[in-house]
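A.B. asks: What shape does this take:
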Amino acid sequence: MTDRSAYPTNRAAGIKLSKLTKKFGDVVAVDALDLRIEAGQFVTLLGPSGCGKSTSLHMIAGLERATSGTIEIGGRLVSEVPPQDRDIAMVFQSYALYPHYTVWENIAFPLRAKRRRTSKAEVEERVRYASSVLGLDGLLDRYPRELSGGQRQRVALGRATVRQPAAFLLDEPLSNLDVQLRLEMRSELKDLHERLAATMVYVTHDQAEAMVLSDLVVVMNGGVVQQAGTPLDCYNNPANTFVAGFLGEPGMNLLPGRLERERLFVADGVRVRVGEPLPSVVGRAVLGVRPENLALGAAGDDGITGTVRSVELLGSRSLLKVVVDGQTVTASVPPVVGVGPGEEVTLRVTDSAHTRVFDADTGSSLTVSPPAPLPGRHDTLHRVTP
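C.D. replies: Below is the predicted model:
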C-alpha cells in the first residue's frame with residue numbers, strides 16, 4: 001500500500017467572489033454574490049432547483065462567463081482565465097469516465113496529458129495514493145462498465161484528486177446514487193476532505209449532505225444568498241422564513257399571528273410564550289417552531305391546539321400532523337402517540353428558547369441575537385408596529 005504521508009503537500013487555496021452576477025437575457029440567475037471561502041474549507045451552496053447554486057459553481061470553474069463581478073482563486077484574479085488554467089478540479093453529477101480506459105488510466109488521465117508533462121514515477125505515486133484513499137486498490141484493472149455507481153464516482157473523485165488542484169468543485173456528485181450509496185459516499189467525501197485538507201465547493205439541494213459535510217453553508221434562493229453560516233447556526237438561527245422552512249426534515253412550522261407584550265404570541269388556536277425578550281416588537285408576526293420542539297400536551301395547556309390530520313410512523317419517531325386554523329403543523333413525537341385522525345390535541349412547546357419570531361412582511365428574523373449579516377450586507381431588523 002502507498003505511504004500516504006509521502007503524498008505531495010496540500011495546495012489548497014482560498015476563493016473570493018465579489019459582486020458576482022450572471023444574467024440570461026432579462027433573467028438574473030445570480031445576483032451580486034459576495035463570498036469568501038478560506039483555504040481548506042468545505043463550503044456548500046445549498047438551495048432548491050433554479051436558485052443559482054450550479055451557475056455560481058460554473059462561473060468559478062470558468063464554464064459560465066460572469067456578466068459582472070470578479071473571481072479570485074489563491075489571490076489570483078481568474079475572471080477572464082480559461083477553465084484549464086484556473087487550477088481547479090471538477091466532479092460532475094455524471095461520472096464522465098472514459099469507457100475504453102481502465103480505472104488506472106481514468107485516474108491517471110489528467111497527469112498524462114501533454115501539457116502537464118508529469119513523470120511516469122510521479123503519475124504512479126499519485127494514482128496509487130488516490131486509489132488507496134478511495135478504496136480502489138483492487139479495481140485498477142477494471143473498466144467503468146464493471147463498476148457499481150459508487151465505485152465509478154470514487155474513480156471520478158480519484159481523477160480529480162491526482163491533480164492536486166487549488167480547489168475542488170463538486171456539482172451534485174451523489175445525486176445519481178441510491179440512498180444507501182449516498183450515505184456511504186457522503187462519509188467517504190468527508191473523510192477525503194479531512195485527509196487532503198483541500199478547499200472544496202459543493203453544490204447540492206440535499207440539506208442532509210450540507211449539514212454533514214460543510215464548514216460553511218450558503219443558502220441560496222432566487223439567485224440571492226439568504227444566509228451563510230455554520231450548519232448549526234443556519235438551522236438554529238435562520239435569518240428568514242425561507243431558510244427556516246427550507247432547512248429541516250420537515251422544515252420549521254411557520255404560523256402567522258400577533259406578538260403581544262410579555263413575549264406572548266397569539267393566533268387562532270395558538271398561545272405560545274416565545275424565548276428571549278424582543279427589542280420592543282409587538283404586532284403582526286410569524287412564529288417559528290421546529291417539529292422536534294413540539295410535544296403532546298394536556299387539554300387547557302398553552303400551546304398549539306388543533307385537529308389531528310394524520311400520524312406518519314417513521315420507525316424511531318412519528319410525524320403528528322395537526323390542522324390549526326386551516327394550516328398544518330407538524331410535530332416529531334415518539335412512535336406510539338395514542339391519538340388518531342379527527343381527535344383534538346394540544347401541542348406544547350418543549351422549550352421557549354427554541355422558538356423564533358419573524359417579520360410578517362419581510363420574513364426577516366426578529367429574534368434577539370440573529371446570525372451575523374453577510375459581508376457587504378446592511379440589513380436591519382424591521383420592527384413590527386402595533
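A.B. asks: Can you list the buried residues in stretch 176-194?
C.D. replies: Neighbour-count burial for stretch 176-194 flags 177, 181, 182, 185, 186, 188, 189, 192, 193 (criterion: 16 or more other C-beta atoms under 10 Å). For every residue, glycine as well, the C-beta is placed using N, CA and C.
A.B. asks: how about that stretch as PDB, C-alpha atoms only?
C.D. replies: What follows is stretch 176-194 as a C-alpha-only set of coordinates in PDB (Å, rounded to 0.1, in the frame of the first residue of the first chain):
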ATOM      1  CA  ASN A 176     -27.400   9.700  -9.200                       C
ATOM      2  CA  LEU A 177     -26.700   7.200  -6.400                       C
ATOM      3  CA  ASP A 178     -29.300   5.200  -4.400                       C
ATOM      4  CA  VAL A 179     -29.900   6.100  -0.800                       C
ATOM      5  CA  GLN A 180     -27.500   3.700   0.800                       C
ATOM      6  CA  LEU A 181     -24.700   4.500  -1.600                       C
ATOM      7  CA  ARG A 182     -25.300   8.300  -1.000                       C
ATOM      8  CA  LEU A 183     -24.800   7.700   2.700                       C
ATOM      9  CA  GLU A 184     -21.600   5.700   2.200                       C
ATOM     10  CA  MET A 185     -20.200   8.200  -0.300                       C
ATOM     11  CA  ARG A 186     -21.100  11.100   2.000                       C
ATOM     12  CA  SER A 187     -18.900   9.600   4.700                       C
ATOM     13  CA  GLU A 188     -16.100   9.000   2.200                       C
ATOM     14  CA  LEU A 189     -16.200  12.600   0.900                       C
ATOM     15  CA  LYS A 190     -15.900  13.900   4.500                       C
ATOM     16  CA  ASP A 191     -13.000  11.600   5.100                       C
ATOM     17  CA  LEU A 192     -11.300  12.600   1.900                       C
ATOM     18  CA  HIS A 193     -11.700  16.300   2.700                       C
ATOM     19  CA  GLU A 194     -10.100  15.800   6.100                       C
END
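A.B. asks: that older thread, could the buried residues of stretch 176-194 go into JSON lines alongside secondary structure?
C.D. replies: Converted to JSON lines, the buried residues of stretch 176-194 look like this (DSSP: H, G, I helix; E, B strand; the rest coil):
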{"residue": "177", "secondary structure": "coil"}
{"residue": "181", "secondary structure": "helix"}
{"residue": "182", "secondary structure": "helix"}
{"residue": "185", "secondary structure": "helix"}
{"residue": "186", "secondary structure": "helix"}
{"residue": "188", "secondary structure": "helix"}
{"residue": "189", "secondary structure": "helix"}
{"residue": "192", "secondary structure": "helix"}
{"residue": "193", "secondary structure": "helix"}
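A.B. asks: and residue 230, how far is that from residue 43?
C.D. replies: Distance from residue 230 to residue 43, counting by C-beta to C-beta, to the nearest Å: 11 Å.
A.B. asks: tell me, what's touching the two both at once?
C.D. replies: The overlap between the contact sets of residue 230 and residue 43 (C-beta atoms under 8 Å, 6 or more residues apart in numbering) consists of 214, 215, 216, 217.
A.B. asks: which of those residues sit farthest apart?
C.D. replies: Greatest spatial distance in these: 215 and 217, 8.6 Å, computed using C-beta to C-beta.
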